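K.L.:
sequence plus predicted model, see below.
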Amino acid sequence: MHKPTAFFLVGPTASGKSAVAHLLAAKWGCSVVSADSMNVYQGMDIGTAKPTLTERKQVVYHGLDVVGPTEAFHVAAWVQAIQPAWSEASPPLVCGGTGLYVKCLTEGLNSFAPEDRAQRSVWEMQSLETLQVEAEQHVPEGYAALTADDRQNPRRLIRLLERGGNGVQWEEGLRVKLVGLQIERKRLHQRIQDRVEQMYAAGLLDEAASLNSLDLSLTARQAIGYAEAMACLAGDYTQAEAVERTVIRTRQLAKRQMTWFRNQMDVEWIEVEADTTVAKVADAVEAAWARIGAGEVQC
């Protein structure tokens, strides 16, 4: 039995990959698999830059609105949620910046340990300092690889403890060739600034207010954009300060994404110039995919 295949498009947040994937999926008549760990949450639309309702009528998307924002979620559940994509007639386009999700598809995991909700609840009650000590003691190599910002993020520490404790291992085999979009750092930073400001103009504070009364999961509550918007609603930040902090965290995320893809995956990079239209970038991506073909999916 042949393994399913997909075309992969990766890159940092705000690089324009989602627009390219949508254009090509509409052209080819195939679906898109969203490899974005924040797009799985229902009711978190503006701050995660999900495809609009209009776009979802044009193209079938997998991996969106999989779980409520009050529920814990993990990569194994995401792999299960996107299974319908592999039964379609045409290979889907996998598009996203969550490296772990992409790697699960391209290299596969030896095993998925069952989610331990009780243990996660215990970790979520711990202080930042306690999580840091546990991570350093139990997953020393993973902890050493974290950025200084990640070490101050309880969500990142809990994820590290979960993965380390579960003994996650990658399957042995050849790496799948991916296509990625990269953009000059100064211009990427400006695009991030513009995107965050557009999110606030589109009603991010109202969306955050609708979530604020819920018992959100730790991941959802600390999501980039939402944590700052909720702090703004609480009076801890002015709107300008919330925007600034969101921009900073998004830039840090983009840097981590590029580091992951450069170190962990085999990517053919396409440089997105200042005056390049979405259509031209899509042409370049399509040409790259024509050269390297679809990659086998390990799921």
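P.N.:
All right, it came through fine. Residues are numbered from 1 along each chain as shown.
K.L.:
please make it C-alpha for all contacts and neighbour counts, starting now.
P.N.:
Will do.
K.L.:
burial of Val278, as a residue count?
P.N.:
17 (other Cα atoms under 10 Å).
K.L.:
residues in contact with stretch 44-51: which ones?
P.N.:
Residues outside stretch 44-51 that contact it (Cα atoms under 8 Å, 6 or more residues apart in numbering): Met38, Asn39, Leu64, Pro69, Met199, Ala202, Gly203, Leu204, Glu207, Ile224, Gly225, Tyr226.
K.L.:
can you check stretch 205-221 too?
P.N.:
Defining contact as Cα under 8 Å, 6+ apart, one finds that stretch 205-221 is touched by 38, 41, 43-44, 46, 69-72, 124, 155, 226-227, 229-230, 233.
K.L.:
okay, buried residues for stretch 255-274 please.
P.N.:
Buried residues in stretch 255-274, counted by 16 or more other Cα atoms under 10 Å: Arg256, Gln257, Met258, Trp260, Phe261, Met265, Val267, Glu268, Trp269, Ile270, Val272.
K.L.:
then stretch 281-288?
P.N.:
Val281, Ala282, Ala284, Val285, Glu286, Ala288.
K.L.:
for those residues, which one is nearest Ala77?
P.N.:
Nearest to Ala77 among the buried residues of stretch 281-288 is Val285, at 29.2 Å by Cα to Cα.
K.L.:
give me the phi and psi for the closest residue to Val60 other than its chain neighbours.
P.N.:
Leaving aside its chain neighbours, Val60 sits nearest to Ser31 (4.8 Å; criterion: Cα to Cα, 6 or more residues apart in numbering). The phi/psi pair for Ser31 (degrees, to the nearest 10) reads phi -100, psi 170.
K.L.:
let me see the domain layout of the chain.
P.N.:
Using automatic domain parsing, the domains assigned to the chain come out as 5-110+169-296, 117-166.
K.L.:
show me where pLDDT drops low in the stretch 151-299 of the chain?
P.N.:
Within the stretch 151-299 of the chain, the stretches with pLDDT under 70 are 163-174.
K.L.:
where along it do the strands fall?
P.N.:
Along the stretch 151-299 of the chain, the segments classed as strands by DSSP state E, counting those that start in this stretch run 177-183, 266-272, 295-296.
K.L.:
tabulate those (a markdown table), appending distance to Val102.
P.N.:
A markdown table is the format used below for the strands of the stretch 151-299 of the chain (distance: least, Cα to Cα, whole Å):
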| stretch | distance to Val102 |
| --- | --- |
| strand 177-183 | 10 |
| strand 266-272 | 12 |
| strand 295-296 | 12 |
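K.L.:
among those, which comes closest to Lys27?
P.N.:
Nearest of these (Cα to Cα): strand 177-183, 18.0 Å.
K.L.:
tell me how far the residue nearest to Ala274 when sequence neighbours are not counted lies from Arg251.
P.N.:
Excluding the flanking residues, the one nearest Ala274 by Cα to Cα, 6+ apart is Arg187, at 7.6 Å. Separation of Arg187 from Arg251 (Cα to Cα, to the nearest Å): 11 Å.
K.L.:
comparing these two, which residue is more hemmed in?
P.N.:
Arg251 (21 against 14).
K.L.:
residues contacting that one?
P.N.:
Residues counted as contacts of Arg251 (Cα under 8 Å, 6+ apart) are His189, Ile192.
K.L.:
what about the strands in the stretch 1-150 of the chain?
P.N.:
According to DSSP E, counting those that start in this stretch, the strands that the stretch 1-150 of the chain contains are 5-10, 32-34, 61-62, 93-96.
K.L.:
next up, the contacts around Val189.
P.N.:
Heads up, residue 189 is His, not Val. Each residue near His189 by Cα under 8 Å, 6+ apart is listed here: Arg251.
K.L.:
most centrally placed residue in this protein?
P.N.:
Asp36 (2.9 Å; Cα atoms, centre = their mean).
K.L.:
ok, it touching Gly96?
P.N.:
Yes: under the criterion of Cα atoms under 8 Å, Asp36 makes contact with Gly96 at 5.2 Å.
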